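Chemist: I would like the atomic coordinates for the input below:
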Amino acid sequence: MRASRVGSRPTKGSNFADDAAAGGTHRVTGQIQYGIARPLTSAGTPATPAVPSELAARLGTFRHELRKIGRHPDRPTLLKLIERAGELGLRDDDIRPELHEIQVALDALDFADRLAFDGLPIVASLDKLPAGEHCHFATAVRFGRRRGDQIGHLELTSSWLKFHGALDMSVVWSEVESVERDGRDILVSLSASRRLLRFSSHSPEEAARGVSIARALVAGTASHL
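Modeler: Got it, this is the predicted structure:
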């Protein structure tokens, strides 16, 4: 996780939550650790003592405000959350998973802006595509939930969302109602059946890229209807 301030290089010992962002972002790689409700404990102790009640209350307030922003936060809202963490006196180590999630959301906004300016990327497809059809995103995923999971690959092409696995599946973009991200999962809602498709990727960053591309493809299809 990038350390402290969004958009600037921190000095040693600085805290991301303590310093309000001045605007702008830069790239980060890494894996978000979901489990926001897990109690956080101080480092360097042999046991796992409970979080002090006063700190727990401040953590609860921040996590509640983070949940309230929903799945479509804008940049000012995300930067305000970083400021809010400082107001609550929270350190980076207190809210590291939450700060990572905020950064993933900021990076997703930057990526969506680049898609609008540069257009969709073109990547190698898993199978040969018809003339004029391009693959814009492909990644290994788990499809489904728990015991019904299938291992395979998700592919987003000009006209289709495709899953390649033990049982292949294809959906045209005109049948997609919405595309959301939940951690490292890509959630696809179908308009006619109200079915929800869940594809679990290897990281939140990968899921965020896939969601941005899928939304652009859905929007492009809708504009031609």
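
Chemist: care to break the protein down by domain?
Modeler: By the assignment in automatic domain parsing, the chain contains the domains 1-119, 135-223.

Chemist: looking at the ones you listed, which is closest to Leu126?
Modeler: domain 135-223 (5.5 Å; CB to CB). No exception for glycine: its C-beta is placed from N, CA and C like everyone else's.

Chemist: relative to the whole chain's centre, how far out is that closest one?
Modeler: The chain centroid and the centroid of domain 135-223 are separated by 14 Å under CA atoms, centre = their mean, to the nearest Å.

Chemist: could you do stretch 58-66 as well?
Modeler: Distance, centroid of stretch 58-66 to centroid of chain: 19 Å (CA atoms, centre = their mean).

Chemist: helices along the chain, start to end?
Modeler: With DSSP state H, the ranges of helices along the chain come out as 53-68, 75-87, 96-118, 204-223.

Chemist: name the residues of the first one that are buried.
Modeler: So the one you mean is helix 53-68. For helix 53-68, a neighbour-count test (16 or more other CB atoms under 10 Å) marks 55, 58-59, 62, 65-66 as buried.

Chemist: now do that helix: which elements does it pack against?
Modeler: helix 75-87, helix 96-118 (3 or more CB pairs under 8 Å, 6 or more residues apart in numbering; DSSP states H and E).

Chemist: need those in CSV (columns: mean neighbour count and distance to His202).
Modeler: CSV is the format used below for these (neighbours: other CB atoms under 10 Å; distance: least, CB to CB, whole Å):
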stretch, mean neighbour count, distance to His202
helix 75-87, 18, 23
helix 96-118, 18, 13
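
Chemist: circling back to that earlier point, adding distance to Val179 and pLDDT, write the buried residues of helix 53-68 out as TSV.
Modeler: Listed next are these as TSV, based on distance: CB to CB, whole Å; pLDDT from 0 to 100:
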residue	distance to Val179	pLDDT
Leu55	37	92
Arg58	34	94
Leu59	31	95
Phe62	28	96
Glu65	25	95
Leu66	21	95
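
Chemist: looking at those residues, spot the one nearest Gln150.
Modeler: For those, the nearest to Gln150 is Leu66 (31.7 Å; CB to CB).

Chemist: wait, that closest one sits on Leu81?
Modeler: Yes: contact criterion CB atoms under 8 Å: Leu66 and Leu81 qualify, at 6.2 Å.

Chemist: between the two, what contacts are shared?
Modeler: Here Leu66 and Leu81 have Ile102 as joint contacts, going by CB atoms under 8 Å, 6 or more residues apart in numbering.

Chemist: can you redo the buried residues of helix 53-68 as CSV with distance to Glu180?
Modeler: Output for those, formatted as CSV (distance: CB to CB, whole Å):
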residue, distance to Glu180
Leu55, 32
Arg58, 29
Leu59, 25
Phe62, 23
Glu65, 20
Leu66, 16
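
Chemist: ok, back up a step: need the helices of the chain in a markdown table (columns: distance to Ser193).
Modeler: Converted to a markdown table, the helices of the chain look like this (distance: least, CB to CB, whole Å):
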| stretch | distance to Ser193 |
| --- | --- |
| helix 53-68 | 28 |
| helix 75-87 | 33 |
| helix 96-118 | 27 |
| helix 204-223 | 16 |
